[in-house]
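Student: Sequence first, predicted coordinates after that:
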Amino acid sequence: MTKPKQTPNHSLDRADTSEALSRRQVLSSSALTLAAGALVGGIARSAEAAVPASAPGQPGRDYQPVIVPNGAKLPWKVVNGVKVFHLIAEEVEHEYAPGIKARCWGYNGQVHGPLIEAVEGDRVRIYVTNRLAAPTTLHCHGVLLDNGMDGVGGLNQKAILPGETYKYEITLRQHGTCMYHSHHDEMTQMGLGMTGLFVIHPRRARGARVDRDFALMLHEWRVNVGASRPDPNEMSEFNLLTINGKAFPGTDPLVVKKGQRVRIRIGNLSAMDHHPIHLHGYQFKVTDTDGGEVPESAQLPETTVLVPVGSTRTVEFVANEPGDWAMHCHMTHHVMNQMGHGVPNMIGVKPGKVDAKVQRLLPGYMTMGQTGMADMADMQMSVPRNSIPMVGGHGRYDVITMGGMFTILKVRDSLTSYADPGWYEAPAGTLAEAAPSADLARDGIDVTAPSKAWVDASVRSG
Ligand SMILES: [Cu+2]
């Protein structure tokens, strides 16, 4: 069998894909006609006869589309009142951040798969074509559906063999943030990236109007330095932590205008780790999980939301404070990139004459890490092929000493577009800077005083 030509990731815009879909549609509808002819009055006819619960929801009219930083959405078309989607499971060349790529498994040229967006009451038909060398299935995580559509290989269906296309049909009877993933050889296939988000909007708007609705998927990977594939067998030493498949500095910022109501939906299909996602500058409320809405009386104010493996959490807040606000996993090892793991502890080590001696054998050798990892962010040191430095991206003032599961919420007083507005300029008097000596003198701060004495003095005066 000839392998169908794969659509490159970057050309997966709506126009290209709709065209591709319509060609596939022609093929699959003729296949259906043949099948229906062969199965007189059989299963094929009853599936075709299913009536949608409501008219297919339309973006702009029935819902405000979500935003997928660094990601894409799965296009659809309406056929006889049913929203038709086509997922293609395949190998994907994926870039985590500039400088590091790997062969992953994903959908439609993407890691993770494109987000599926629909509306409560929609009937959706999802074709899944398997272009992998291994069998797979599609499980719609958190979506209420008929048992035979649940996609657990062996339990609910036969696995989709390489080259086969399966059909899933669901009438959506809920709203919320759900996910999808392979449910066959789960450790390998999800570990290699076969996951995606499945957002179902309510048929009627609820609560306060949300202006910016972001969707983020968390993941963790082991990509050995120089390796060309992630290792799905890894259990604990993950070295690339991603948001929508990207490690900082590869993550796109979340751009918002001051005063807008913001929703952030976060899914986690990492192999092993829960991620406490912390947002600076704001208090938010956790409004939904993949199990539904949290009653308003139970929505705790938080600044960090723990997103367990196999769950989604949705938070909301009003963006009243302009600035560049960090948003990141608060596990400090999850804001480190590839080379920040498995290195010896060098804190406090004095290299003495060792460097000079080693340099005779290894020109350019330098002992590193005696004061921590921050120096590694900006030393312009060359790194091995297909790897990235353990921390670092350039910020407005200096190097940002984080990598991995880190992004930036950019809130601005005014915006002409939602493109990256660049760095925030702190208004005069609102920026932390070196203390002027006049201020030190005025406030009686003696920077040479013994630190212990200063502690005692504060206790006495307090
Ligand atoms: Cu984490």
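Tutor: Everything's here; your move. Small disclaimer: the values here were computed from a predicted structure and weren't measured.
Student: Tell me which helix or strand the one residue in the stretch 51-200 of the chain that gets nearest to the ion sits in.
Tutor: Evaluated by CB to the ion, the stretch 51-200 of the chain has residue 96 as its residue closest to the ion, separated by 15.3 Å. C-betas here are computed from N, CA, C, even on glycine. Assigned by DSSP states H and E, residue 96 belongs to strand 82-97.
Student: and the gap between residue 167 and residue 277?
Tutor: Computed as CB to CB, to the nearest Å, the residue 167 to residue 277 distance reads 35 Å.
Student: Same check on residue 318?
Tutor: Distance from residue 318 to residue 277, by CB to CB: 19 Å.
Student: between those two, who's got more neighbours?
Tutor: Using other CB atoms under 10 Å as the criterion, residue 318 and residue 277 rank with residue 277 on top: 26 against 16.
Student: which residues pair with the more buried one across the strands?
Tutor: residue 305, residue 329 (DSSP bridges).
Student: Which pLDDT does the model give it?
Tutor: Listed pLDDT for residue 277 reads 98.
Student: what's near enough to touch it?
Tutor: The neighbourhood of residue 277, defined by CB atoms under 8 Å, 6 or more residues apart in numbering, consists of 218, 266, 304-307, 313, 327-330, 405.
Student: quick one: which of those is nearest the ion?
Tutor: Once CB to the ion is applied, the member of those that ends up nearest the ion is residue 329, at 3.1 Å.
Student: Beta-bridge partners for the closest residue to the ion within the stretch 101-250 of the chain, please?
Tutor: The nearest approach of the stretch 101-250 of the chain to the ion comes at residue 241, 5.8 Å away (CB to the ion). With DSSP bridges applied, residue 241 shows beta-bridge pairing to residue 220.
Student: thought it was touching residue 247?
Tutor: Yes. The criterion here is CB atoms under 8 Å, and residue 241 meets it with residue 247 at 6.4 Å.
Student: For these two, list the residues in contact with both.
Tutor: Residues touching both residue 241 and residue 247 (CB under 8 Å, 6+ apart): 404-405.
Student: near the ion, which residues of this protein?
Tutor: Selection of the chain residues close to the ion by CB under 5 Å from the ion yields 275, 329, 331, 334.
Student: So which of those are in strands?
Tutor: Of these, the ones assigned to strands by DSSP state E are 275, 329.
Student: Include distance to residue 137 and neighbour count when you put the residues of the chain next to the ion into JSON lines, please.
Tutor: Shown next, in JSON lines, are those (distance: CB to CB, whole Å; neighbours: other CB atoms under 10 Å):
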{"residue": "275", "distance to residue 137": "26", "neighbour count": "26"}
{"residue": "329", "distance to residue 137": "29", "neighbour count": "25"}
{"residue": "331", "distance to residue 137": "31", "neighbour count": "16"}
{"residue": "334", "distance to residue 137": "29", "neighbour count": "25"}
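Student: Contact partners for the residue nearest the centre of the chain?
Tutor: Centroid-nearest residue in the chain, with CA atoms, centre = their mean: residue 244, separated by 2.4 Å. In this structure, residue 244 makes contact with 68-71, 112, 216-217, 251, judged by CB under 8 Å, 6+ apart.
Student: Quick check: closest non-adjacent residue to the residue in the stretch 151-300 of the chain positioned nearest to the ion.
Tutor: Taking CB to the ion as the measure, the stretch 151-300 of the chain has residue 275 as its residue closest to the ion, at 3.4 Å. The shortest distance from residue 275 to any non-neighbouring residue, by CB to CB, 6 or more residues apart in numbering, is to residue 329 (4.5 Å).
Student: now that neighbour: how far from residue 238?
Tutor: 11 Å.
Student: one step back: what pLDDT does the residue nearest to residue 275 get?
Tutor: Reported pLDDT for residue 329: 97.
Student: hmm, back to that, buried residues, the following helix or strand past the strand holding residue 96. List them.
Tutor: Following strand 82-97 in sequence order, the next helix or strand is strand 100-107 (DSSP H and E). For strand 100-107, burial by neighbour count (16 or more other CB atoms under 10 Å) applies to 100, 102, 104-107.
Student: any chance of those residues in CSV, plus pLDDT?
Tutor: Formatted as CSV, the buried residues of strand 100-107 follow (pLDDT from 0 to 100):
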residue, pLDDT
100, 90
102, 95
104, 97
105, 97
106, 98
107, 98
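Student: Export these as CSV, with columns for distance to residue 125.
Tutor: Below are the buried residues of strand 100-107 laid out as CSV (distance: CB to CB, whole Å):
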residue, distance to residue 125
100, 37
102, 32
104, 27
105, 23
106, 21
107, 16
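Student: Nearest to residue 436 among those?
Tutor: Within the buried residues of strand 100-107, distances to residue 436 taken as CB to CB reach their minimum at residue 100, with 42.9 Å.
Student: right, and that closest one touches residue 404 too?
Tutor: No. Residue 100 is beyond contact range of residue 404, at 11.8 Å (criterion: CB under 8 Å).
Student: quick one: contacts for residue 217?
Tutor: Applying CB under 8 Å, 6+ apart to residue 217 gives the contacts 71, 112, 179, 195-197, 243-245, 266-269.
Student: Restricted to buried residues, select those in ChimeraX.
Tutor: A single ChimeraX command suffices to select whichever of these are buried according to 16+ other CB under 10 Å:
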select :71,112,179,195,196,197,243,244,245,266,267,268,269
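Student: So which of the contacts of residue 217 sit within strands?
Tutor: The strands, defined by DSSP E, take in 179, 195-197, 243, 266-268 from the contacts of residue 217.
Student: With pLDDT as extra columns, can I get those in CSV?
Tutor: Listed next are those as CSV, based on pLDDT from 0 to 100:
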residue, pLDDT
179, 98
195, 98
196, 98
197, 98
243, 98
266, 98
267, 98
268, 98
